[in-house]
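Enquirer: Give me a 3D structure for the following:
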Amino acid sequence: MIPPPQQQQPGAPPHGYSPHTSHTDLGAINQPHQPQQPRSRIDPNQIPSPVAVQETDQNNYNAQAFMSMAKGVPPLALTEYTAIDEGNATPRFIRATTYNIPLNDETANSSNLPMGLVIQPLADLGPKEQPISVVDFGAEGPVRCQRCRAYINPFVVFTEGGRKFACNLCTFETEVPPDYFCNLDMSGRRMDFDQRPELQFGTVEFVATKEFCNRAPETAAYVFVIDVSWNAVKSGMLAQCVSSLREFLYGGRPRRSTTGLERPPGLESGCKIGFITFDSTVHFYNLKESLEQPQMLVIGDINDVFVPIHEGFLVDPIESKPAIESLLEMLPKMFENTTSNQPVLGAAVQAAYLALKARGGKISVFQTVLPLVGPGALKNREDVKLLGTDKEKTLYEPQEYFWKKLAQDCSENGVCVDLYVFPNAYVDVATIGVLSSLTGGDIYHYLNFDVQRDGIKFGNDLIKNLSRNFGYDGLLRVRCSNGLKITEHMGNFYMKNATDVELAGIDSHKSLAITVKHEGKLDERTDAYFQCALLYTTSAGQRRIRVINLTVTPTQSLGNVFRYADMDTTITYLCKLAVNTTITTSLASVREQLTNRCVKILSSYRRHCATSTAPGQLILPESFKLYPMYSLSMLKSKAFRGGQEMSSDLRVYNFRMLKSMTARDTMMLMYPVLRPLHDLDVEAFTRDGNVKLPPAVRVSYERLDQSGAYLVDNGQQMFLWLGRHAKADLLKMVFSVEGVEQIDAKLRVLPPLDNPYSAYVRAIVNRVQSQNSRYSNFQVVRHSLDPYIEVQFLNMMLEDKNNDNMNYVDYLCAVHRWETNYCSH
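Expert: Numbers count the residues shown, from 1 in each chain. Down below sits the predicted model:
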């Protein structure tokens with residue numbers, strides 16, 4: 001076992017990276033058996049920098065597109081790029097931990113690298129990328145391998161003049177259906193290749209036939225289940241909720257449907273919506289288009305809920321606009337004097353499920369307190385004595401089977417649940433959160449909700465969520481080449497067997513990870529293949545099969561396994577794996593395993609790929625030179641950090657968020673982006689209107705200019721830090737004040753001042769916000785004037801000592817020491 005982290009003596013300054021090697025040499029570091037000599041401290045400027053790596057990668061793709069058949073590692077997860085699908089799916093949809101896969105199990109074990117995929121099936125395309133082709137094979141459905149049932153794709157090989165094709169996954173030869181037959185040219189390619197998207201592109205969609213439909217597909221239906229108890233009213237949640245829903249449904253610029261009617265900016269034509277409110281009873285609303293005022297129906301028997309209305313509950317938001325707007329305006333007034341403080345959450349969600357059971361869709365639940373009464377009533381089981389101990393993991397499991405059964409029922413019927421919680425005390429996210437974690441939904445957590453502080457974030461989170469590309473009633477399966485097998489699936493979904501992932505809901509910002517193992521030896525002469533097939537219903541009501549194909553190269557060379565390893569995918573995979581481990585293992589053991597994994601991977605590289613290096617040198621694979629930094633970031637994350645200050649609710653919330661996070665969102669969380677705002681090129685912005693983001697700097701307090709201003713964002717929280725001696729002209733142009741102390745620390749948006757510098761700074765903030773899947777809560781931090789908020793800001797400086805862990809330099813030295821000890825034994 002590798003010893004736990006502790007403070008390490010500083011070592012020698014590194015020698016830097018030589019471009020003629022495939023690894024980074026950080027020079028000699030003092031070893032325990034070596035005599036201690038006076039040495040200068042490691043220069044933090046010379047250790048591997050995520051900022052420098054990101055900048056280099058971005059520059060590579062500023063002027064050129066990523067070609068999907070390129071034999072190499074794809075762009076980093078945070079890089080903005082244009083991808084061209086040449087037959088291999090682009091990394092927007094699927095990423096591998098390494099693109100040179102070990103030839104056999106022995107090679108894989110020697111590397112200690114995980115073999116896995118991170119899949120984001122409905123990922124958004126880049127602005128210049130071609131839309132996904134939709135292929136309709138008619139009543140017969142898409143052509144498939146008769147043995148493994150893989151779908152036709154660019155890597156099958158046509159034989160016997162085009163009458164058969166050999167499956168690239170299992171090699172079985174299947175006869176081509178007569179109506180799909182086409183002659184081959186001299187190179188063996190079909191003559192109609194240019195008219196066959198399924199043979200050209202790595203990602204395509206097939207129109208699903210009746211055999212793929214358990215029921216007639218319909219447009220998505222959205223039911224909003226809103227807590228109207230005393231807490232919801234007094235906190236301002238209810239008023240903010242209905243205001244944000246009104247903005248989503250009827251705000252912004254409308255679009256025209258094929259019928260000429262104006263459509264809401266966030267909904268597909270034909271989508272239906274319905275509303276349920278609840279306190280000690282459950283309330284349905286009749287919103288029939290012929291009504292100008294909504295009709296309220298109350299269910300008093302919460303132990304036997306039912307849907308009291310069939311016409312007028314799920315309605316078209318345009319046709320029933322008067323009734324819906326009236327309801328949204330009335331709700332805060334209807335319940336402003338309520339004294340009920342025991343909302344029956346279980347009964348309300350049951351009622352919403354019954355309303356959607358026959359068609360599927362999405363339930364958005366807004367809840368403020370622990371459900372103490374009604375179906376699924378819970379007890380407050382939070383015990384601070386368990387936090388930070390081996391028994392803490394018992395708090396991560398649901399305490400009441402009712403919620404798990406309800407979540408399973410929702411999943412089996414294509415009903416996705418998003419959960420928005422606004423607690424000022426324990427609400428048992430581990431239990432009620434299974435509604436989201438088993439149905440592919442999201443959880444949003446607003447602790448001690450203050451509408452002035454958190455209202456903008458909540459409203460934007462809600463609108464962002466409802467505006468995503470959304471599919472429901474999904475079933476996903478991943479197939480792979482002979483010699484490989486899929487052994488584990490990680491994410492927020494439900495599985496009744498070992499192969500099929502049930503996704504009641506799936507959107508463009510959800511991902512899952514799978515583990516790949518060997519069950520034989522691969523053939524080094526041919527590529528290895530993976531095919532992900534997602535059967536789902538689009539929000540427009542079309543049943544589709546999205547097929548995503550990936551090819552990687554088998555290799556016996558451990559050097560190539562490391563050379564073509566993808567750091568971002570590996571970190572995303574390891575985060576999901578670590579979350580899965582928390583159910584059976586203590587957090588202390590999980591943290592130890594994260595560091596152990598880092599040490600073992602770096603030790604494997606030294607033993608097998610850098611044997612000629614001196615033991616005193618820290619050698620990092622070029623592709624994994626940032627691994628120690630990201631390993632430290634995982635230890636500092638809210639999901640895995642130690643201590644007793646983290647409630648089980650907040651811990652579980654972060655667990656489940658990580659499980660469905662995309663590679664981009666994960667890497668933002670692992671290393672926030674810090675940008676200086678005090679020296680912007682306003683002339684260029686004024687001249688061409690291009691919102692060019694200022695270059696990022698490393699996340700360390702020591703690098704901050706006390707007279708400057710810095711914007712830091714991790715995809716969850718955004719801080720604008722102002723130095724104590726911030727320049728007066730900057731303060732005047734951005735805040736219209738003379739000194740830092742005059743700035744209102746409660747600002748949640750920058751004032752719209754009439755000058756170019758203000759416009760540029762606001763444009764930067766808006767651009768950063770638009771790239772995030774969730775809204776980053778904006779907060780101004782004045783150095784030395786806002787101590788509580790500044791601590792949160794400093795905790796995002798992950799290269800420094802904080803979050804109950806050491807700084808980057810010391811951790812790098814410690815990893816090297818453990819690696820040397822590991823190799824010597």
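Enquirer: Please count neighbours and contacts with C-alpha atoms only from this point.
Expert: OK.
Enquirer: which residues touch His489?
Expert: When the contact criterion is C-alpha atoms under 8 Å, 6 or more residues apart in numbering, the partners of His489 are 512-515.
Enquirer: actually Asn469, not the one I wrote
Expert: 122, 124, 507-508, 539.
Enquirer: Give the partner strands of the top strand by length along the chain in its sheet and their orientations.
Expert: Taking residue count as the measure and DSSP state E as the definition, the longest strand of the chain comes out as strand 543-555. The strands beside strand 543-555 in its sheet (DSSP bridges) come out as strand 100-102 (parallel), strand 203-207 (antiparallel), strand 528-538 (antiparallel).
Enquirer: Which stretch among those is buried most, on average?
Expert: Ranked by mean neighbour count under mean count of other C-alpha atoms under 10 Å, those are led by strand 100-102, which reaches a mean of 28.
Enquirer: Quick one: mean pLDDT over stretch 789-796.
Expert: Per-residue confidence for stretch 789-796 averages out to 96 on the pLDDT scale.
Enquirer: Okay, buried residues for it please.
Expert: Neighbour counts over stretch 789-796 (16 or more other C-alpha atoms under 10 Å) mark 789-790, 793-796 as buried.
Enquirer: From those residues, pick the one nearest Gln130.
Expert: Met796 (37.0 Å; C-alpha to C-alpha).
Enquirer: in a helix, that's where Arg246 is, yeah?
Expert: Yes: checked against DSSP: H, G, I helix; E, B strand; the rest coil, Arg246 lies within a helix.
Enquirer: farthest-separated two in the buried residues of stretch 789-796?
Expert: Ile789 and Met796 (11.4 Å).
Enquirer: Can you list the low-confidence ranges for the stretch 501-650 of the chain?
Expert: Residues of the stretch 501-650 of the chain that meet the criterion pLDDT under 70 are absent altogether.
Enquirer: circling back: let me have the contacts of His489 in JSON lines, adding distance to Ser111 and neighbour count as columns.
Expert: Below are these laid out as JSON lines (distance: C-alpha to C-alpha, whole Å; neighbours: other C-alpha atoms under 10 Å):
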{"residue": "Leu512", "distance to Ser111": "24", "neighbour count": "25"}
{"residue": "Ala513", "distance to Ser111": "20", "neighbour count": "28"}
{"residue": "Ile514", "distance to Ser111": "19", "neighbour count": "21"}
{"residue": "Thr515", "distance to Ser111": "15", "neighbour count": "18"}
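Enquirer: Just the ones of those residues in strands?
Expert: Secondary-structure check on the contacts of His489 using DSSP E: residues within strands are 512-515.
Enquirer: Around Leu184, how many other residues sit close by?
Expert: Leu184 sits with 18 neighbouring residues when counted by other C-alpha atoms under 10 Å.
Enquirer: and the closest residue to it other than its chain neighbours, backbone torsions?
Expert: With C-alpha to C-alpha, 6 or more residues apart in numbering as the measure, Arg190 is the residue that lies nearest to Leu184, at 4.3 Å, once sequence neighbours are left out. Note on Arg190: its backbone torsions stand at phi -60, psi 140 [degrees, to the nearest 10].
Enquirer: Need the three-state assignment for Thr487.
Expert: Remark: Thr487 carries the secondary structure label strand [criterion: three-state DSSP].
Enquirer: you'd agree it is up against His518?
Expert: No: counting by C-alpha atoms under 8 Å, no contact exists between Thr487 and His518, whose distance comes to 9.7 Å.
Enquirer: what about those two, which has more around it?
Expert: His518 (19 against 13).
Enquirer: need the contact list for that one.
Expert: Under the criterion of C-alpha under 8 Å, 6+ apart, the contact list for His518 reads 104-105, 483-485.
Enquirer: Next: Gly715.
Expert: Residues in contact with Gly715 (C-alpha under 8 Å, 6+ apart) are 665, 668-669, 672, 772-776.
Enquirer: Looking at those residues, spot the one nearest Asp418.
Expert: Using C-alpha to C-alpha, the shortest approach to Asp418 within the contacts of Gly715 belongs to Arg774, at 13.5 Å.
Enquirer: for stretch 240-256, which positions count as buried?
Expert: 240-242, 244-245, 247-250.
Enquirer: Check this structure for its longest helix and report it.
Expert: When the chain is scanned for its longest helix (criterion: DSSP state H), the result is helix 587-609.
Enquirer: Relative to the whole chain's centre, how far out is it?
Expert: With C-alpha atoms, centre = their mean, to the nearest Å as the basis, the distance from the averaged C-alpha position of helix 587-609 to the chain average is 25 Å.
Enquirer: same deal with stretch 665-680?
Expert: That offset, for stretch 665-680, works out to 17 Å (C-alpha atoms, centre = their mean).
Enquirer: first vs last residue of that stretch, how far apart are they?
Expert: End-to-end distance for stretch 665-680: 26 Å, by C-alpha to C-alpha, to the nearest Å.
Enquirer: which outside residues touch that stretch?
Expert: The contact list for stretch 665-680 (C-alpha under 8 Å, 6+ apart) reads 50, 77-78, 568, 571-572, 630, 633-634, 637, 658, 694-699, 708-716, 730, 757, 761, 772-773, 796-798.
Enquirer: Can you list the low-confidence ranges for this structure?
Expert: In the prediction, the chain carries residues with pLDDT under 70 at positions 1-22, 25-41, 252-266.
Enquirer: where along the stretch 251-400 of the chain do the strands fall?
Expert: In the stretch 251-400 of the chain, the strands defined using DSSP state E, counting those that start in this stretch lie at 255-256, 262-263, 272-278, 282-286, 295-299, 361-367.
Enquirer: and if you look at the stretch 601-750 of the chain?
Expert: Going by DSSP E, counting those that start in this stretch, the stretch 601-750 of the chain shows strands at 617-621, 673-676, 709-713, 717-722.
Enquirer: and the contacts of Asn469 as a markdown table, adding neighbour count and secondary structure?
Expert: Formatted as a markdown table, these follow (neighbours: other C-alpha atoms under 10 Å; DSSP: H, G, I helix; E, B strand; the rest coil):
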| residue | neighbour count | secondary structure |
| --- | --- | --- |
| Leu122 | 20 | coil |
| Asp124 | 16 | coil |
| Asp507 | 23 | strand |
| Ser508 | 19 | coil |
| Ser539 | 22 | coil |
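Enquirer: Need the max-distance pair from those residues.
Expert: Distance extremes for the contacts of Asn469: the farthest pair is Asp124 and Ser539 at 14.9 Å, using C-alpha to C-alpha.
Enquirer: before we move on, back to that, deepest in the core, which of the strands of the stretch 251-400 of the chain is it.
Expert: The most buried one of those (mean count of other C-alpha under 10 Å) is strand 361-367, showing a mean of 26.
Enquirer: other SSEs contacting the helix or strand that that strand is followed by?
Expert: Sequence-wise, the next helix or strand beyond strand 361-367 is helix 401-412, with elements assigned using DSSP states H and E. Here helix 401-412 is seen to pack against helix 345-356, helix 429-432, helix 434-437, strand 501-507 when contacts are counted using 3 or more C-alpha pairs under 8 Å, 6 or more residues apart in numbering; DSSP states H and E.
Enquirer: buried set for the longest one?
Expert: Neighbour-count burial for helix 345-356, with 16+ other C-alpha under 10 Å as criterion, is recorded at 345-356.
Enquirer: now that helix: how far from the chain's centre is it?
Expert: Here the centre of mass of C-alpha atoms in helix 345-356, compared against the chain's by C-alpha atoms, centre = their mean, lies 27 Å away.
Enquirer: Mind giving me the packing neighbours of it?
Expert: In terms of contact count using 3+ C-alpha pairs under 8 Å, 6+ apart, helix 345-356 is assigned the packing partners strand 221-227, strand 272-278, strand 361-367, helix 401-412.
Enquirer: contacts for it?
Expert: Defining contact as C-alpha under 8 Å, 6+ apart, one finds that helix 345-356 is touched by 221, 223, 225, 227, 276-278, 282, 302-303, 305-307, 363, 365, 367, 371, 374-377, 403, 406, 410, 415.
Enquirer: Nothing else from me, thank you.
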